[in-house]
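> heads up, no residue letters with this:
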């Protein structure tokens, strides 16, 4: 007796369709799983058997073989348990052969037969829809997330008993839950409300923050403790442009696959803002780890911002590992038998002090050897990848509150819309993403602007990467001003926002 059930497993942050084949044959009672299962999949026998018996369903006292195809893909997690249980029921004639025709199944089982949610439901259902499934059975807690995928019918399941009754037609399918009313994203309910109006002075740094948000540029703020670097950087999230619909689905899929909590409506509508501690390891930052490779902070910050406070305290190996994702906007992880690519299109915002004591000259108590060792923690190739680099000095007592986030966010959104219109026929959408080879066509400079740009290259000895970054930032400043062409004033302002790091 043989049965086949369609399901899916996670490979990185993407779904991989899996066919669960269950074979029941005469012989000594036994249970064997083949097809590169991990430990959680191999342990499924105990949970599936207990769930079936708790639901007053039969467990064959014969030899059961479960094959997970394709055999070349490692199967992870407990999300295949419901498919295995239904496969046993089909092979044991407890369900008609046509009960799951065209239907895929996802879900973990409790010992009492309850169907529990699985991580990455959005990616799994999307993979099954692309593979041609017409309907998918998902845990009731994953139904709202699964409904974000178009072109496939979602059928929620609460327990094995209720699921069998629905498949037999004895009971109607439970209705899909209604989305909760629109409200603010509750992903971070404990966060204090932030606003740029709380930042006094720091006009130069505020301009850099606005340019970073508008053009997706990387930003480095340097200065002694207490001048407002961290306070300013954390308010970047309040002026970032909203996610487009396709970007929102992409970000939601990544956070779901990583097991991160989702908002009540299951769709992440705000750009991510990740701020890991400086003790984070290389796998925690860029992804990987032992066993199943997992996405790191750079992937969780995809389409958003990654904030690294006290940049000089991060391990140099972890910082240097960021160089490739900053350029390619993708993390490539190779392990024995598996090669994964995690998306990492993020903008890096960092704060650091000029020396170990933080005060910098004058008043620095560090020796020259200590300062040199501290500066070496930030390699020149890493610093060269920051589009915006500037020292921050504390506000004056007479400085009043600055412009509110709402008005700055509106100006940023207008600048982003200009970029989308300009690059509508190109594979890029933001100024920071334009490759150096396309700058001449996409960011042309008139006579005065071109002369100022070339003078800066000679005067400052800019590398090719540094010169290209000044040109991109100048285009962003022009977009913020609503200017059609980049002027020499924009070029010089961009250079002032890329100061040498002390």
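That came through, no problem. As the structure is a computational prediction, the values presented were derived from the model and not from experiment.
> okay, which residue is most central for this structure?
residue 300 (2.9 Å; CA atoms, centre = their mean).
> Let's see the pLDDT reported for the nearest residue to that residue once chain neighbours are set aside.
In this structure, residue 300 finds its nearest non-sequential neighbour in residue 274, 5.3 Å apart by CB to CB, 6 or more residues apart in numbering. Heads up, the C-betas are built off the backbone N, CA and C, glycines and all. Per-residue confidence (pLDDT) for residue 274: 95.
> For the longest strand seen in the chain, enumerate the helices and strands it packs against.
What stands out as the longest strand in the chain, according to DSSP state E, is strand 14-25. Strand 14-25 sits against strand 2-11, strand 63-69, helix 81-91, helix 121-130, with contacts defined as 3 or more CB pairs under 8 Å, 6 or more residues apart in numbering; DSSP states H and E.
> what sits up against the longest one?
Same thing as helix 81-91. Residues outside helix 81-91 that contact it (CB atoms under 8 Å, 6 or more residues apart in numbering): 1-7, 18, 20-24, 44, 47-48, 51-52, 57, 59-60, 64, 66, 95, 97, 99-100, 105-109, 115, 137, 157, 160, 163-164.
> do the second one as well
Residues external to strand 63-69 that are found in contact with it (CB under 8 Å, 6+ apart): 18-37, 41, 44, 75, 80, 84, 87-88.
> Give the partner strands of that strand in its sheet and their orientations.
strand 14-25 (antiparallel), strand 30-34 (parallel) (DSSP bridges).
> Residue 289: which of those is closest?
strand 14-25 (17.4 Å; CB to CB).
> what's the angle between the closest one and helix 81-91?
30 degrees (axes from the mean of the first three to the mean of the last three CA atoms, to 10 degrees).
> Look up how far residue 240 lies from residue 378.
When distance is defined by CB to CB, to the nearest Å, residue 378 is 25 Å away from residue 240.
> Those two: which has the busier surroundings?
Between residue 378 and residue 240, counted using other CB atoms under 10 Å, the more crowded position is residue 240 (24 against 21).
> before we move on, back to that, quick one: which of the helices and strands packed on strand 14-25 is nearest residue 319?
strand 2-11 (28.4 Å).
> Check the model's average confidence along that closest one for me.
pLDDT averaged over strand 2-11 gives 93.
> Can you list the buried residues in it?
Within strand 2-11, the residues that count as buried by 16 or more other CB atoms under 10 Å are 3, 4, 5, 6, 7, 8, 9, 10, 11.
> What sits closest to residue 121 if chain neighbours are left out?
residue 142 (3.9 Å).
> Please work out how many residues are found near residue 320.
Other residues close to residue 320 by other CB under 10 Å number 14.
> Distance-wise, check residue 93 relative to residue 487.
Taking CB to CB, one finds residue 93 at 79 Å from residue 487.
> Neighbour count for the two, which is higher?
Set residue 93 next to residue 487 and count neighbours by other CB under 10 Å: residue 487 wins out with 18 against 12.
> Enumerate every residue touching that one.
Contacts for residue 487 (CB under 8 Å, 6+ apart) come out as 446, 448, 449, 478.
> Any of those residues buried? List them.
449, 478.
> tell me the domain boundaries of this protein?
Segmentation of the chain into domains, based on automatic domain parsing, reads 2-168, 218-386.
> Quick check: end-to-end length of the longest one?
By that I understand domain 218-386. 5 Å (CA to CA, to the nearest Å).
> cool, the first one as well?
Using CA to CA, one end of domain 2-168 lies 19 Å from the other.
> Show the subsequent helix or strand relative to whichever helix or strand residue 476 is part of.
Element membership for residue 476, per DSSP states H and E: helix 464-481. Toward the C-terminal end, the helix or strand that comes next after helix 464-481 (DSSP H and E) is helix 488-496.
> If we go by neighbour counts, what in that next one is buried?
488, 489, 490, 491, 492, 493, 494, 495.
> Adding pLDDT and distance to residue 149, write the residues you listed out as TSV.
Formatted as TSV, the buried residues of helix 488-496 follow (pLDDT from 0 to 100; distance: CB to CB, whole Å):
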residue	pLDDT	distance to residue 149
488	92	50
489	93	48
490	93	43
491	92	46
492	92	49
493	92	45
494	93	42
495	91	47
